[in-house]
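Novice: Quick one, fold the following:
(2 chains)
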Amino acid sequence: MFEDVRTRSVQATQAAEEFSKLYFETFDKRRQAICKIYQDKATVVWNGNAVSGTEEITKFFDSLPQSEFVTEGMDTQPIGAGIQNEGSNAIMVTFYGKVKFAGSNFKTFTQTFILSAHDNKWKIVSDNFRFTE
Amino acid sequence: MSYSKSDNFSVVAGRDGSRSFKGDHDDRWNNNVSNRGSNYNRGPPRGNRGSRNNRRSGYRNFNAGSSRFRNRLENVDEDGDVSMAGDSSGRGQGSRFNPYGNNRSRARGNNRGGRGGNNRGLDPAAKSAAATYRKTESWFKIMIPFGAALPQDELFKMIISNIDGPFDPIKYSTDEKRAYFFVKGVEMADSLRAISRRIKKPDGHLLIFHVSPSQPPVDPVVDKATIEKLKIRMSDRYDPSTQVLNLSALFSDDVLTQENIFLPLNRASTMAAVTKIIGENIPELVGLDVSKNKLLSLGHLTDLVKVTPNVQSLNLGENQLRSIDELDKLKGWQNIVEVVLKGNDLCKNFSNQGAYISAVRKTFPKVVKLDGTDYPPPITFDLETNLVLPPCKESYFINDDIKGLVVTFIKEYYSIYDSDRRKELMPAYHDNAQFSICSVNNPLLERQIGFKSYYDDSRNLKKIGHFDAEKLAKKIKTGVLSVISTLENLPKTTHDVNSFKVDVCTATPTMLCFILQGVFKEIDARSDKPLIRSFCRSFITVPSGPGMVITNDMLTISNAGIEQTRNAFKEAAPTPSSSPVSSSQYSAGPSTSQNAARPPAPFLSPEKMHMLENFVAQSNMNPEFSLKCLEENNWDYLKAGQVFTDLNNQGRIPPEAFVKSEIVS
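Specialist: Just a heads-up that it's a prediction; the model follows:
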């Protein structure tokens, strides 16, 4: 049973690593493209502000000033490993770091994503962001 | 310093000075006020370290003879000040175009390191204190041309056998040809100067010492008592109604000087202390005046920028800034609308007002007032959208049912987690639950508290690099027994429930995902001072019977930021206007923390509440101070009582500790 969890953790780690490179780079430099990696009905809870659906999420992200993310901490776990037997494949990824939005100073933040794989593509199901202050 | 020595010195200075300007630059810096009597013959009053031109004019002054110097010193005695304005016009500089500066400030620029015009109005006690400080505390950098060829020990032996006084060099270094080291105090510098060109090196050449005043090679640490006094002075210099802090000419602050405290703001350690005090007490600061502080650079201010985002008005006037690029170091202050820069050398670089204001606006685009003159706002293109961050909101729960469920769960979970019985958390976890820890430094803090207790279990994928993925996977605790035994071994904690923010991001009939953020106190066995950590915990739960069980539990631990630490374990609603605390509140007392006025925390356990009541009754202190005393002694009632009795006997408990406010009752 735990062997299965191990195998899935290894997969999760690889996925998380790729995700972290892709996500923050895109968010900082090509934010207009970021929605592609959100699922249609994804939810973003950003400093307590909740938005769902790619359209709303795009609008919301457009309203944020230019960003500069620096991640310092990352971890991941496979979800449902050893619990659900269905074929669904999902992981939870957490980040910690600092971010600067134009017009304000660097602040520390935490961010937790749930990613789910469909047709060999990882998509964000939920995204939770908060400044730690 | 004895007369004989200084006589001896004057000869050398005369000889040396005619060859090298550097040689005697500093005796004036150190002695012209305090040791006037013994130093008349020392040499010319040349404080310029500035441009070539200035050096040359200083050289000429030397040849002009010492009588002029003597006259000037007599002036000092009469009016308590050195007339700098006369000095600079005498050098014919007044005729140069100078749109923004004034003669007085330029004169100060030329006398960097000297007392400058800032002496005005100081009383004699303050002056002599500052002068004594300079005499013993000032640093000198010694450069020995071709000294690199000599082994260090041989060089030092030669010096020691030729000078009378002590010789304590530090930070010896060499480059290709020269050797360098530092000495502290005028006396040691003078004795080295006296033997310059007196000793033959093994190669037959004379050993030369170039002595010049320097910044401390190791920054002196500002001790706690001094910080407390500085805090009080800063509080007096702060106007809460306008939120303006006036730190103008801090080094000659009359109150501090009377206490023999010399805190030049151009020293990194002073700036660090000031930054800390501001960050902890008045981060809402809107106006800052650091004029007349002999600032050469603004590098020390960068940390201050981080803690005071609201600064709108900045006075940097009459410092020694030479380049407008220095402002770039303060770029974080994007709300600045008013700047004063006049009286800095950099003003001379601008031939007209237009160039001047646009150079300032490169760093501070919103500036509309510069050196007291109003400027119309710049005309800009509308492309630059002024996007603002949406406000941070409280916890997000989707709906009240989920809120009820999650809040109850978290409350129960942490009441057990913070107890000695973490084992009892077992029913909260699914049999195949996973738990992992990621400990990571706070990137905004300079000093970090280590994560030794977490290190073995931590798997920060950012830091582990290309670690074997199999090995990393093993660091995830899998299975309820493994999870619980890990939790039991983590340091003891107390979480600040008021700091908690919870966001529910996914809620389906089969799964709930919520993220908790907040701070906790870590109780470290080796230290009695609790650490404040910041954490984020992401939970995934599945329904189980009437409640739910955790399947995934991810903990990120970092060090709490300055603001977080300040607000930790305070009441939910922080005081809106933190003014920097009246002087009296700061005097000793059971602690030095500022939140003396908070009411007893509402979440005390019954045992603690009972302890607190007894402590109030016995000590006669009010509940706030009693709570503080107990908390700081980790609720060790006897120890807290002992600490209280000791401090009280020493008269170190402030009177307000015994004032019962209306919160009592």
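
Novice: and B:Lys306, helix, strand or coil?
Specialist: On the three-state scheme (DSSP: H, G, I helix; E, B strand; the rest coil), B:Lys306 is labelled helix.

Novice: Just give the nearest non-adjacent residue to it, would you?
Specialist: A:Asn105 (5.4 Å; CB to CB, 6 or more residues apart in numbering or on different chains). In short, each C-beta sits where N, CA and C put it, glycine included.

Novice: That neighbour: neighbour count?
Specialist: Residues lying near A:Asn105 (other CB atoms under 10 Å in any protein chain shown) number 17.

Novice: Contacts only, for the nearest residue to B:Ser436 once chain neighbours are set aside.
Specialist: Leaving aside its chain neighbours, B:Ser436 sits nearest to B:Ile476 (4.6 Å; criterion: CB to CB, 6+ apart). Listed by CB atoms under 8 Å, 6 or more residues apart in numbering or on different chains, the contact set of B:Ile476 reads A:5, A:9, A:77, B:434-436, B:459.

Novice: Go through these and name the one nearest B:Lys570.
Specialist: B:Lys570 lies nearest to B:Phe435 out of the contacts of B:Ile476, by CB to CB, at 30.0 Å.

Novice: ok, which stretches of the stretch 501-650 of chain B are helices?
Specialist: With helices called from DSSP state H, counting those that start in this stretch, the stretch 501-650 of chain B shows them at B:562-567, B:583-586, B:606-619, B:623-632, B:637-649.

Novice: Tell me, how many residues neighbour the residue of chain B found nearest chain A?
Specialist: Ranking the residues of chain B by distance to chain A (CB to the nearest CB) places B:Lys393 first, at 2.9 Å. Other residues within reach of B:Lys393, judged by other CB under 10 Å, total 15.

Novice: Ok, B:Pro378 next?
Specialist: 12.

Novice: show me what contacts it?
Specialist: Residues in contact with B:Pro378 (CB under 8 Å, 6+ apart) are B:358, B:361, B:365.

Novice: Doesn't the first one lie inside a helix?
Specialist: Going back to what we said before, that points to B:Ser358. Yes - per three-state DSSP, B:Ser358 lies within a helix segment.

Novice: Excluding chain neighbours, what is closest to it?
Specialist: Nearest non-adjacent residue to B:Ser358 (CB to CB, 6+ apart): B:Pro378, at 8.0 Å.

Novice: Check the last one too.
Specialist: Excluding its sequence neighbours, the residue lying closest to B:Pro365 (CB to CB, 6+ apart) is B:Pro378, at 7.1 Å.

Novice: For that neighbour, what is the enclosing helix or strand?
Specialist: Taking DSSP states H and E as the definition, one finds B:Pro378 inside no helix or strand.

Novice: Stretch A:121-133 close to chain B?
Specialist: Yes - using CB under 8 Å from any CB of the partner chain, stretch A:121-133 reaches chain B at A:125-128, A:130-133.

Novice: What about those residues, which are in strands?
Specialist: The members of these that map onto strands under DSSP state E are A:125-128, A:130-131.

Novice: which two from those residues end up farthest apart in space?
Specialist: Farthest-apart pair in those is A:Val125 and A:Phe131; separation 22.4 Å (CB to CB).

Novice: Show the low-confidence segments of the chain, by residue range.
Specialist: No chain specified, so I'll use chain A. Along chain A, segments meeting pLDDT under 70 span A:1-2, A:81-88.

Novice: try again with chain B
Specialist: Chain B contains residues with pLDDT under 70 at B:1-130, B:133-134, B:218-221, B:381-386, B:465-467, B:524-529, B:571-606, B:660-665.

Novice: quick one: furthest residue from the center of it?
Specialist: What lies farthest from the middle of chain B is B:Gly545; by CA atoms, centre = their mean that is 54.4 Å.

Novice: Point out the residues in the stretch 51-200 of chain B that sit beside chain A.
Specialist: The stretch 51-200 of chain B comes close to chain A at no residue, as judged by CB under 8 Å from any CB.

Novice: Could you say which helix or strand holds the residue nearest the centre of chain B?
Specialist: Geometric centre of chain B, nearest residue: B:Ala272, 1.4 Å, by CA atoms, centre = their mean. Element membership for B:Ala272, per DSSP H and E: helix B:268-281.

Novice: quick one: contacts for B:Val255?
Specialist: B:Val255 makes contact with B:233, B:236, according to CB under 8 Å, 6+ apart.

Novice: how many other residues sit next to the residue nearest to A:Gly53 when sequence neighbours are not counted?
Specialist: Excluding its sequence neighbours, the residue lying closest to A:Gly53 (CB to CB, 6+ apart) is A:Lys41, at 6.2 Å. Look at A:Lys41: counted by other CB under 10 Å, it has 10 neighbours.

Novice: how close does A:Lys41 sit to A:Lys123?
Specialist: Going from A:Lys41 to A:Lys123 by CB to CB, to the nearest Å gives 10 Å.

Novice: next one: B:Pro623
Specialist: When distance is defined by CB to CB, B:Pro623 is 54 Å away from A:Lys123.

Novice: Please apply the same query to B:Gly279.
Specialist: Distance of B:Gly279 to A:Lys123, computed by CB to CB: 41 Å.

Novice: How about A:Glu56?
Specialist: Per CB to CB, A:Glu56 is found 16 Å from A:Lys123.

Novice: cool, and B:Cys347?
Specialist: Going from B:Cys347 to A:Lys123 by CB to CB gives 58 Å.

Novice: For those two, indicate the residue with more neighbours.
Specialist: Taking neighbours as other CB under 10 Å, B:Cys347 and A:Lys123 compare with B:Cys347 leading, 21 against 17.

Novice: who touches stretch B:393-402?
Specialist: Outside stretch B:393-402, the residues that touch it by CB under 8 Å, 6+ apart are A:45, A:47-50, B:403, B:406, B:500-504, B:507, B:512.

Novice: hang on, isn't the residue nearest to A:Gly53 packed against A:Ser52?
Specialist: Yes - in this structure, A:Lys41 is within contact of A:Ser52 by CB atoms under 8 Å, at 6.4 Å.

Novice: related to what we said a few turns ago, direction included, what does the helix or strand just after the helix holding B:Ala272 pair up with?
Specialist: Sequence order places strand B:287-289 as the next helix or strand after helix B:268-281, per DSSP H and E. Using DSSP bridges, the strands paired with strand B:287-289 are strand B:244-246 (parallel), strand B:313-315 (parallel).

Novice: Helices along chain A, start to end?
Specialist: Here chain A has its helices, by DSSP state H, at A:2-29, A:54-62.

Novice: Just name the most buried of those helices.
Specialist: A comparison of these by mean neighbour count, using mean count of other CB atoms under 10 Å in any protein chain shown, puts helix A:2-29 on top with a mean of 17.

Novice: from chain A, which residue is nearest to chain B?
Specialist: Of all residues in chain A, A:Gly48 sits closest to chain B, at 2.9 Å by CB to the nearest CB.
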